[in-house]
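Peer 1: structure of the sequence below:
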Amino acid sequence: MEDKETQIDKELLSEISDYDGIRKGAYNIRKNGQGIERKVTENINIVTKTDKPGIDIYVKENTKFDYVHIPVILTQGGLKDVVYNDFYIGKNANVVIIAGCGIHNDHHKDSQHDGIHRFFLEEGAKVKYIEKHYGEGAGDGKRILNPVTEVYLKPGSSMEMESSQIKGVDSTVRETKGILEANTNFVVTEKIMTHGIQKAETLFDVQLNGENASTHVTSRSVATEDSYQHFTSKIYGNTKCFAHSECDAIIKDNAKVKATPEITADNVEANLIHEAAIGKIAGEQLIKLMTLGLSEKEAEEQIINGFLR
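Peer 2: As a prediction, this is how the structure comes out:
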């Protein structure tokens, strides 16, 4: 890939996928709307779609502890990239999938990536899905990221999703949908940082359709300066099930954060919980760190980094 990869590309890949020149397992790298490198393995196949932009990823049943990397990078101003990726995870497979998008925009035109990912897990399958978003560049064109994640869990399967917006994203609408059958578990951890006049909207919609299905959705966010965030969580308990949704946010300066929880129990044995906490950094936390020799700014940064860790 050396003949196609610039220093900016390497830095973006490092931010979103911890790329250090070595990548485990299967991978597909997309740059400016085109696939530039791919590797398949004995247990994981990647096929280009023929009807629309994107790929199909097939993981064989009983695959254990393998990796799939599908990073996307944009360095071209004025580009709107849309990709549709479908993951078919075989029975009793156990894999780690690392995705995410990095945008470098030095131009006046906006750069945008919309990634629509669907996960179909067969019985007993397990997936850990890590998705990071990052923006940078000296141009005044916006860096826009709109990820959509749809999760379909067959009985006995489970998925853990870690989603992070590191910095530099001007506008984002993040949608996550889950349909859970019996004895499934869907755990989502989201971390978002906004500053300037950035806007971030998060939408969760989880249907607990099977008996003993469960979900735990956690959103941690920091909004500073004049940025705005809106967290919406909709969870439907349609049978005997369990759900816990929580939104914790720190605000600074003139930032605004809105949390809109909605939990619906359509069965007497549905156990649904929602918690939300929004506020500024506690004064006693700052004082404690400042007595150790930190400036107020350094103390704030340490608290925020720990909160989003």
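
Peer 1: what's the end-to-end length of stretch 161-181?
Peer 2: 17 Å (CA to CA, to the nearest Å).

Peer 1: and it, which residues are buried?
Peer 2: Within stretch 161-181, the residues that count as buried by 16 or more other CB atoms under 10 Å are 161, 163-166, 168-181. Using the backbone N, CA and C atoms, a C-beta is placed for each residue, glycine as well.

Peer 1: residue contacts, the residue nearest the centre of the chain?
Peer 2: For the chain, the residue sitting closest to the mean C-alpha position, by CA atoms, centre = their mean, is S163 at 2.6 Å. Contacts for S163 were tallied using CB atoms under 8 Å, 6 or more residues apart in numbering; they are 131-133, 147, 149, 174, 176, 188-191.

Peer 1: and those residues, which are buried?
Peer 2: By 16+ other CB under 10 Å, these give 131-133, 147, 149, 174, 176, 188, 190-191 as buried.

Peer 1: for those residues, give me a markdown table that also has distance to E211 and pLDDT.
Peer 2: Listed next are the buried ones among the contacts of S163 as a markdown table, based on distance: CB to CB, whole Å; pLDDT from 0 to 100:
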| residue | distance to E211 | pLDDT |
| --- | --- | --- |
| E131 | 29 | 96 |
| K132 | 34 | 95 |
| H133 | 35 | 96 |
| P147 | 30 | 96 |
| T149 | 24 | 98 |
| R174 | 29 | 96 |
| T176 | 23 | 97 |
| V188 | 21 | 97 |
| E190 | 27 | 95 |
| K191 | 32 | 94 |
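
Peer 1: just the residues you listed: which are in strands?
Peer 2: In strands, judged by DSSP state E, the following of the buried ones among the contacts of S163 are found: 131-133, 149, 174, 176, 188, 190-191.

Peer 1: of all those, which comes closest to E122?
Peer 2: Comparing these against E122 with CB to CB places T149 closest, at 18.1 Å.

Peer 1: partners of the closest one in the sheet?
Peer 2: For T149, the beta-bridge partners are H117, T176 (DSSP bridges).

Peer 1: so it is in contact with I130, correct?
Peer 2: No. In terms of CB atoms under 8 Å, T149 does not count as a neighbour of I130; the distance is 11.9 Å.

Peer 1: can you pull out the strands in the stretch 1-150 of the chain?
Peer 2: Applying DSSP state E, counting those that start in this stretch to the stretch 1-150 of the chain gives strands spanning 26-31, 34-39, 44-48, 54-59, 64-69, 72-74, 80-89, 94-104, 111-121, 126-136, 143-145, 148-153.

Peer 1: note down every partner strand of the helix or strand following the last one and its orientation.
Peer 2: Towards the C-terminus, the helix or strand next in line after strand 148-153, according to DSSP states H and E, is strand 158-167. For strand 158-167, the paired strands and their directions (DSSP bridges) read strand 126-136 (parallel), strand 185-194 (parallel).

Peer 1: for this protein, which spans come out with low pLDDT?
Peer 2: The model of the chain has pLDDT under 70 over residues 1-4, 19-22, 286.

Peer 1: name the single longest helix found in it.
Peer 2: As assigned by DSSP state H, the longest helix anywhere in the chain is helix 296-308.

Peer 1: hang on, the earlier thing: turn the buried ones among the contacts of S163 into CSV, columns for distance to Y58.
Peer 2: What follows is the buried ones among the contacts of S163, written out as CSV (distance: CB to CB, whole Å):
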residue, distance to Y58
E131, 20
K132, 24
H133, 26
P147, 22
T149, 19
R174, 26
T176, 23
V188, 24
E190, 28
K191, 30
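
Peer 1: so which of the residues you listed is the closest to N209?
Peer 2: T176 (16.5 Å).

Peer 1: the closest one touches L203, doesn't it?
Peer 2: Yes. The criterion here is CB under 8 Å, and T176 meets it with L203 at 7.1 Å.

Peer 1: V169 and G90, how far apart?
Peer 2: Distance, V169 to G90, using CB to CB, to the nearest Å: 34 Å.

Peer 1: now A200
Peer 2: Distance from A200 to G90, by CB to CB: 35 Å.

Peer 1: pick out whichever of the two has more residues nearby.
Peer 2: Taking A200 and G90 together and counting by other CB atoms under 10 Å, A200 has the greater number of neighbours (25 against 20).
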